[in-house]
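Peer 1: Give me coordinates for this.
(chains A and B)
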Amino acid sequence: MMGKHAFFLGCMIPLRLTSIEIAARRVFNQLNVEFLDLAGYSCCPEPVTLGLIDKELWVTSAARNLALAEKAGADLVVLCSGCYETLIEADEILKHDDEARKKVNELLANIGSKYEGKIKVKHFIEFLHEDVGLDIIKKEVNTPVEVDLAIHYGCHLFREVDGGDPWRKPRMMRDLVEASGAKLSDYGVEKLCCGFPISQFDREFSLQQRLLPKFRSIENTAAEAIVFACPACIGQFESGQDALIGNGVELTEYPCIHIIELLALSFGVPAVELNLDFHGSAVKEFAECFWE
Amino acid sequence: MTGVDIVNLLEKGMADKSVKCSVTEERRVSVEIKADDLKEGISILLEACKPRFITLSAVDNGLDVELMYHFSVDSIVVTLRTSIPKETSQVETMTDIVPAAEFIEREVSELFGISFEGHPRTTNLVLPDDWPAEEKPLSKPFAGNLPPQARGEVENLLSSGCAQVILEYFTEMRERAGLPKLPSIACASEESLREFQELIRRTGFDKRAGFDWEKSKLRYR
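Peer 2: A predicted model of the protein is given here:
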């Protein structure tokens, strides 16, 4: 049905929110998707800080990661939205900018590597939606997650190349959440950034001007939890709600669950097997409650 | 003598050294040279071209001070430039072969804090005698060009290939969850990490960022 695929896990998922990696492995296994681990990959590199401070470092390191997948003969399925942005944008630059590709390949030649632009880079959302298909996913849902959820897409999910529709992947994410059995509670500022990038420079601004307006809007809905596609956004929401409450703000605390964890639960994977205690919010309690 | 002749002369005379010579524009020759080889480079120029010493200029780049010895050869300006790390701020004086450099080396020493080893006079030239020895008016803070928010991430990336700090708490959690202690990231294999770090060196980012490979840290952290 499908060609060979390699997971690109990035840094944050395997080393901070490992429950997402565990859930992804369970979901892909259940969908009979064969995948391999990309051996020797490095940080994508991260697009917000590292991508801005040194373009040459950023594009060359990304090219090495793409070349590793080419060597393995596998298309990349990227689990982290930030890594997706780096890899898809670097791939786009290298495919169309002859000078940049020549320069990068001269550098890669020193380590016996070469970028040829032979593989596809896909966000796991579009991979699940387009390559696996909603019908097949729905067939695997044996424990529908019948709860109201607020959705946070995360800015990276809107990244498209070749002038594509920026809402293409967010719409796919909605379909996948609904396929799990959950009901979406729209709150109006779904597209607003969580504030993670700016938090590295002005934490208070990110909490007051980005995160708090989102929480206040979500509080007006029936949502019991928030569903995400980006690990950095989860980190910002989880640490941010703690910080806001710690600063005396009266706030409803929400479990912040990743969409792949949600799918795993709907596929009947017991919550205890997902090791959800990697989270900084009550995802474990939320999931255990639901699963029982 | 032309700029190309001067380049050829220095490249031939220092064939076993790391020297980068180029004619940058009409009547300008630039020579990038290591501090340890500076005296030899100047000696070759002095012997073959009988140049006139124009001056020494200095620029504080945050992590290093760049010294530029300028000479005139048949109306061509030849600049020998070398970088002095601010951790040591030391270089051999050129006054024994270029006596006219005495005043300007003293001035650079006072204003930038560079110590010219073997200089015959170390008393102040332009600053008052009672000026505090530790205050160098043209010296910038010892800092690289990375914003503070990026420094930790860069150190993690260059030393492990991973932007996150690898904490034992999480690697143990991984093991308990039945996963390998480390994902298949570069630092999980010596060969992959070596390859990644070699690539970084080739981009020159380590030098631009001021990364010390031995300490696995930025020089200014």
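
Peer 1: For A:Glu292, give me the pLDDT.
Peer 2: pLDDT for A:Glu292: 56.

Peer 1: after the longest helix seen in chain A, next one along is what?
Peer 2: Counting residues, the longest helix in chain A under DSSP state H turns out to be helix A:55-72. Counting by DSSP states H and E, the next helix or strand C-terminal to helix A:55-72 is strand A:75-78.

Peer 1: The helix or strand just after that next one: which residues count as buried?
Peer 2: The helix or strand immediately downstream of strand A:75-78 is helix A:81-96, counting by DSSP H and E. By 16 or more other Cβ atoms under 10 Å in any protein chain shown, the buried positions in helix A:81-96 come out as A:81-91, A:93-94. Backbone N, C-alpha and C define where each C-beta goes, glycine included.

Peer 1: check contacts around residue 28.
Peer 2: As the question left the chain open, I've gone with chain A. By Cβ atoms under 8 Å, 6 or more residues apart in numbering or on different chains, the contact set of A:Phe28 is A:Phe35.

Peer 1: other chain: chain B
Peer 2: B:Arg28 neighbours (Cβ under 8 Å, 6+ apart): B:3, B:76-77, B:79.

Peer 1: can you rerun that using 7 Å?
Peer 2: B:Arg28 sits next to B:Val77 when contact means Cβ atoms under 7 Å, 6 or more residues apart in numbering or on different chains.

Peer 1: Distance of it relative to A:Ile20?
Peer 2: 57 Å (Cβ to Cβ, to the nearest Å).

Peer 1: what do you get for A:Val189?
Peer 2: Separation of A:Val189 from A:Ile20 (Cβ to Cβ): 24 Å.

Peer 1: between the two, who's got more neighbours?
Peer 2: Neighbours per residue (other Cβ atoms under 10 Å in any protein chain shown) separate A:Val189 from A:Ile20, with A:Ile20 holding more: 30 against 14.

Peer 1: my hunch is that that one is in a strand, does that hold up?
Peer 2: No. Per DSSP: H, G, I helix; E, B strand; the rest coil, A:Ile20 lies outside any strand segment and is helix.

Peer 1: pretty sure it is touching A:Cys256, no?
Peer 2: No. Checked against Cβ atoms under 7 Å, the pair A:Ile20 and A:Cys256 is beyond contact range at 11.4 Å.

Peer 1: intersection of neighbour lists for the two?
Peer 2: With Cβ under 7 Å, 6+ apart, A:Ile20 and A:Cys256 have no common neighbours.

Peer 1: which SS state does B:Pro137 fall under?
Peer 2: When classified by three-state DSSP, B:Pro137 comes out as coil.

Peer 1: Backbone torsions only: list them for the nearest residue to B:Leu9 once chain neighbours are set aside.
Peer 2: Of all residues not flanking B:Leu9 in the chain, B:Ala48 sits nearest, at 5.5 Å (Cβ to Cβ, 6 or more residues apart in numbering or on different chains). Backbone torsions of B:Ala48, given as degrees, to the nearest 10, read phi -90, psi -30.

Peer 1: How many residues are close by B:Ala48?
Peer 2: 15.

Peer 1: That one and chain A, how far apart?
Peer 2: 35 Å (Cβ to the nearest Cβ, to the nearest Å).

Peer 1: wouldn't that residue be in contact with B:Asn8 here?
Peer 2: No. At 10.6 Å, B:Ala48 does not count as touching B:Asn8 under the criterion of Cβ under 7 Å.

Peer 1: Report the central residue of chain B.
Peer 2: Central residue of chain B (Cα atoms, centre = their mean): B:Ser83, 3.6 Å from the mean position.

Peer 1: The stretch 1-150 of chain A against chain B: which residues are in contact?
Peer 2: For the stretch 1-150 of chain A, the residues found near chain B under the criterion Cβ under 7 Å from any Cβ of the partner chain are A:9, A:11-12, A:14-16, A:18, A:22, A:37-43, A:45-46, A:49-50, A:53-54, A:56-57, A:60, A:64, A:107, A:110-111.

Peer 1: who are the neighbours in contact with the closest residue in space to A:Arg210 that isn't next to it in sequence?
Peer 2: In space, A:Arg210 comes closest to A:Gly195 once its chain neighbours are excluded; the distance is 3.0 Å by Cβ to Cβ, 6+ apart. Residues near A:Gly195 by Cβ under 7 Å, 6+ apart: A:206-207, A:210-211, A:236.

Peer 1: what about the residue in chain A positioned nearest to chain B, how many neighbours?
Peer 2: As assessed by Cβ to the nearest Cβ, chain B sits closest to A:Gly40 within chain A, at 3.1 Å. For A:Gly40, the count of nearby residues is 21 (other Cβ under 10 Å).

Peer 1: Thought B:Ser189 was touching it, still the case?
Peer 2: Yes. Using Cβ under 7 Å, A:Gly40 is in contact with B:Ser189, at 5.7 Å.

Peer 1: Return the subset of the contacts of A:Gly195 lying in strands.
Peer 2: The members of those all map outside strands under DSSP state E.

Peer 1: And those, which of them are buried?
Peer 2: Buried members of the contacts of A:Gly195, scored by 16+ other Cβ under 10 Å, are A:206-207, A:210-211, A:236.

Peer 1: Take these and lay them out in JSON lines including pLDDT.
Peer 2: Below are those laid out as JSON lines (pLDDT from 0 to 100):
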{"residue": "A:Ser206", "pLDDT": "96"}
{"residue": "A:Leu207", "pLDDT": "97"}
{"residue": "A:Arg210", "pLDDT": "96"}
{"residue": "A:Leu211", "pLDDT": "97"}
{"residue": "A:Gln236", "pLDDT": "97"}
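
Peer 1: now, which of the residues you listed sits nearest B:Lys20?
Peer 2: A:Ser206 (45.1 Å; Cβ to Cβ).

Peer 1: Give the helix, strand or coil label for the residue nearest to the centre of chain B.
Peer 2: B:Ser83 ends up strand, using three-state DSSP.

Peer 1: any idea how far it is from chain A?
Peer 2: Distance from B:Ser83 to chain A, by Cβ to the nearest Cβ: 20 Å.

Peer 1: now the closest residue to that residue other than its chain neighbours: how far from chain A?
Peer 2: Spatial nearest neighbour of B:Ser83, chain neighbours left out: B:Asp64 (4.3 Å); criterion: Cβ to Cβ, 6+ apart. Distance, B:Asp64 to chain A, by Cβ to the nearest Cβ: 18 Å.

Peer 1: Next up, phi/psi of the residue sitting furthest away from the middle of chain A, please.
Peer 2: Taking Cα atoms, centre = their mean, the residue of chain A most remote from its mean C-alpha position is A:Asn110, at 32.3 Å. Dihedral pair for A:Asn110: phi -70, psi -20, per degrees, to the nearest 10.

Peer 1: does the closest residue to it other than its chain neighbours sit in a helix, a strand or a coil?
Peer 2: Counting by Cβ to Cβ, 6+ apart, A:Asn110 lies nearest to B:Arg202, which is 5.1 Å off, once chain neighbours are set aside. Following three-state DSSP, we place B:Arg202 in the helix state.

Peer 1: so B:Arg202 touches A:Ser113, yeah?
Peer 2: No. With contact defined as Cβ under 7 Å, B:Arg202 does not reach A:Ser113; the gap is 11.2 Å.

Peer 1: In terms of residue numbering, what are the domains of chain B?
Peer 2: B:3-117, B:148-218 (automatic domain parsing).

Peer 1: Mind telling me which of those the model trusts least?
Peer 2: Taking the mean pLDDT of the domains of chain B, domain B:148-218 comes last: a mean of 93.

Peer 1: picking up where we left off before, list the contacts of the residue nearest to B:Ser83.
Peer 2: B:83-86.

Peer 1: out of the residues you listed, which are buried?
Peer 2: Judged by 16+ other Cβ under 10 Å, buried ones among the contacts of B:Asp64: B:83-84, B:86.
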